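Q: here are the coordinates; sequence isn't available:
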RNA sequence: GGAGGUGUCGCCUAGCCCGGUUUAUGGCGCCCGCCUGCUAAGCGGGUUGAGGGUAAUCCCCUCUCGCGGGUUCAAAUCCCGCCACCUCCGCCA
């Protein structure tokens, strides 16, 4: 939820942010009107309630005679109070509906426009030149099969399209990547976490995933649980309704969790392989910090992602996502996209978002500072999304004989193996 | 899943049977002061939290006794539902 003070003091900036997202600017004025209605209904209710209370106090000490008259008065007042309360609740609900649909204000620096309007910030590393090496690269499906690392056919048999098994070295690779990621995070001062992957509606709503992203979310209607699409959800909700002492900031968490995504609306997109799947495991970084620190922290998260990608020894670029592609909660987002040889494209491997105080306001996460209590900023960033990392590793480090070279940093996590070798046909 | 118990202002706790003078009692802790070679002890005072009116440390209002409803002129207190925790039983990885 956006900062109302900001909206009131500078509505034009909010309208402009909406335009740059390609979203309706009138929403700002609807919210302001709803807020006005809400505030006046609250004032009316509070005044009546105060009168009622004072009458109640008089009744308590009144004589029997006085009591009759006072009761008469307060009975009439009671229905007024109920009326005012109902009005206030209605106004509150209307306000919440309006404000909940408003996305975070895109940062002034975020490029205007949609998905294709990103700005490339930098390139790191050179895409490998297979032509110069004299062989045609295989895609990760083929490589995964030869290494006995990925079983897509049986994934489909058991669970359907966009499911897979990681087998043998594939499974080893996941544990290696997770351990390496957790070691890096721990070394950087993160608290490691394993959060629940099923959450109540509040957590989902509070992190902004029941808005435009709702179609992509799995829901268990019997118990009203949601399957998280990222551990950002349980990590943000972790400190909901809490006031954190400023001295304990920033708080950094690194969580391992499964992620579930319907991938609705991506029919026909990335249908081959494990690049886009309904379930995968991920290690996510998450920070709670003061608002003034958010931008610097965003850069730090990006820095840790780059440190990670360097260990994978993949070529990548960093893009500044356009306003229209930010999602509900983010004010700015950087994606690291690795070069995928057989696709001839850079594809998203990690993503880091600055949500400023948007999630904090929804989840009631605040900090206690010398000068008062204020909402905190929350930020998140991928360290490793397993299937995409495996795709990039397999394709980038494949060798002419169908084996895969293991990057030096990863070797200690793979029992010292320097290459992963193809297994015999069959199985 | 079943039975029983518990949930009060940082922590412990009184109040609930029998609704109003509760602006929620007391202790611990914490803060201020006094006393005092220093410290401890002792003495006196203060201390639920949040939101809003306000830019505001004063002041005013509302909300807050696990959560949500209900009854009532009036709910910590009565009724209903839910949640969490504890004990025991059952079941399971």
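A: Yes, it's here. Predicted, not measured: the structure shown is a model, and the values here were computed from it.

Q: In three-state terms, label whichever residue of the stretch 151-300 of chain A sits closest to RNA strand B for me.
A: Taking C-beta to the nearest atom of the strand, RNA strand B has its nearest neighbour within the stretch 151-300 of chain A at residue A:243, 6.1 Å off. Where C-beta positions appear, they are placed from N, C-alpha and C, glycine not excepted. Assigned with DSSP: H, G, I helix; E, B strand; the rest coil, residue A:243 falls in the strand class.

Q: count of residues packed around it?
A: Residue A:243: 14 surrounding residues under other C-beta atoms under 10 Å.

Q: Next up, phi/psi of residue A:195, please.
A: The phi and psi torsions at residue A:195 (degrees, to the nearest 10) take the values phi -90, psi 160.

Q: and it, how many neighbours?
A: 20.

Q: which SSE is the closest residue to it other than its chain neighbours in?
A: Closest residue to residue A:195 apart from its sequence neighbours, by C-beta to C-beta, 6 or more residues apart in numbering: residue A:234 at 3.6 Å. If you go by DSSP states H and E, residue A:234 is part of helix A:232-238.

Q: and for that helix, what are the contacting residues?
A: When contacts are defined by C-beta atoms under 8 Å, 6 or more residues apart in numbering, helix A:232-238 is touched by residues A:193, A:195-197, A:199, A:202-204, A:206-207, A:209, A:226, A:228, A:253, A:255, A:257, A:284, A:286, A:359, A:363, A:365, A:378, A:380.

Q: What's the ChimeraX syntax to select whichever of those residues are buried?
A: With 16 or more other C-beta atoms under 10 Å as the criterion, this ChimeraX line picks the buried residues out of the contacts of helix A:232-238:
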select /A:193,195,197,199,203,204,206,207,209,226,228,253,255,257,284,286,359,363,365,378,380
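
Q: Tell me how far residue A:214 lies from residue A:94.
A: 20 Å (C-beta to C-beta, to the nearest Å).

Q: quick one: which of the two has more around it?
A: Shown here are residue A:214 and residue A:94; by other C-beta under 10 Å, residue A:94 has more neighbours (17 against 14).

Q: hang on, isn't the more buried one packed against residue A:34?
A: Yes. With contact defined as C-beta atoms under 8 Å, residue A:94 and residue A:34 form a contacting pair (5.2 Å).

Q: Residue A:173 contacts residue A:414, doesn't it?
A: Yes. Using C-beta under 8 Å, residue A:173 is in contact with residue A:414, at 7.2 Å.

Q: Find the residues that touch each one of those two.
A: residue A:420.

Q: Count the neighbours of residue A:270 for me.
A: So residue A:270, with other C-beta under 10 Å, has 15 neighbours.

Q: returning to what we had before: more neighbours: residue A:173 and residue A:414, which one.
A: Between residue A:173 and residue A:414, counting by other C-beta under 10 Å, residue A:173 is the more crowded of the two (26 against 20).

Q: where does that one land on pLDDT?
A: We have a pLDDT of 97 for residue A:173.

Q: For it, which residues are in contact?
A: Residues near residue A:173 by C-beta under 8 Å, 6+ apart: A:149, A:166, A:390, A:393, A:414, A:420.

Q: Could you do residue A:356 as well?
A: Each residue near residue A:356 by C-beta under 8 Å, 6+ apart is listed here: A:104, A:291, A:294, A:331, A:377-378.

Q: Same list, those, but only the ones touching RNA strand B.
A: Of the residues in those, proximity to RNA strand B by C-beta under 7 Å from any atom of the strand holds for none.

Q: Need those in a markdown table (columns: secondary structure and pLDDT).
A: Output for the contacts of residue A:356, formatted as a markdown table (DSSP: H, G, I helix; E, B strand; the rest coil; pLDDT from 0 to 100):
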| residue | secondary structure | pLDDT |
| --- | --- | --- |
| A:104 | coil | 94 |
| A:291 | helix | 91 |
| A:294 | helix | 95 |
| A:331 | coil | 95 |
| A:377 | strand | 94 |
| A:378 | strand | 95 |
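
Q: Give the buried subset of these as a ChimeraX selection command.
A: Under the burial definition 16+ other C-beta under 10 Å, those of the contacts of residue A:356 that qualify are selected in ChimeraX by:
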select /A:104,294,331,377,378
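
Q: Report the two of the contacts of residue A:356 separated the most.
A: A:104 and A:291 (12.6 Å; C-beta to C-beta).

Q: Alongside RNA strand B, which residues does chain A contribute?
A: Residues of chain A lying close to RNA strand B (C-beta under 7 Å from any atom of the strand) are A:42, A:46-47, A:49-50, A:52-53, A:55-57, A:59-61, A:71, A:74-75, A:77-78, A:81-82, A:243, A:366, A:368, A:372-373.
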